[in-house]
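**Q** my questions concern the predicted model and sequence given below.
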Amino acid sequence: MPLALSWSLLVGWSVIRLVKRFAVEPRVNDALLMSATAGYLHIGLTAGLVMSALETIQPG
């Protein structure tokens, strides 16, 4: 369970950090859109790993 909790904290912290980082950008360009997409994909993959770990620890 500590592993799942630490992964959950990482995902939550990453989402908050990513949104704050993009909120202060004065202009939206191609590089910003690509980095936002990569960041959200990374968060999605990490969240998937968290859910897999939780399912392994406690099925159902």
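**A** Alright, I've got the coordinates.
**Q** drop to CA atoms for contacts and neighbour counts, all remaining ones
**A** Fine.
**Q** any low-confidence regions in this protein?
**A** Residue ranges of the chain with pLDDT under 70: 1.
**Q** ok, now which ones touch the residue nearest the centre of it?
**A** Residue closest to the mean C-alpha point of the chain, counted by C-alpha atoms, centre = their mean, is Ile43 at 2.3 Å. The neighbourhood of Ile43, defined by C-alpha atoms under 8 Å, 6 or more residues apart in numbering, consists of Val11, Ser14, Val15.
**Q** centre of the chain to stretch 21-28, how far?
**A** Stretch 21-28 sits 18 Å away from the centroid of its parent chain (C-alpha atoms, centre = their mean, to the nearest Å).
**Q** next: stretch 48-60.
**A** For stretch 48-60, the gap between its own C-alpha mean and the chain's C-alpha mean amounts to 16 Å (C-alpha atoms, centre = their mean).
**Q** buried sites along that stretch?
**A** The neighbour-count check on stretch 48-60 (16 or more other C-alpha atoms under 10 Å) flags Val50, Ala53, Leu54 as buried.
**Q** element containing the last one, please.
**A** Assignment of secondary structure by DSSP states H and E places Leu54 within helix 30-57.
**Q** how far does that helix sit from the chain's center?
**A** The chain centre lies 5 Å from the centre of helix 30-57; the measure is C-alpha atoms, centre = their mean.
**Q** before we move on, what about stretch 22-29?
**A** Worked out by C-alpha atoms, centre = their mean, stretch 22-29 lies 19 Å from the chain centre.
**Q** what lies in contact with it?
**A** For stretch 22-29, the external contacting residues (C-alpha under 8 Å, 6+ apart) are Leu32, Ala36.
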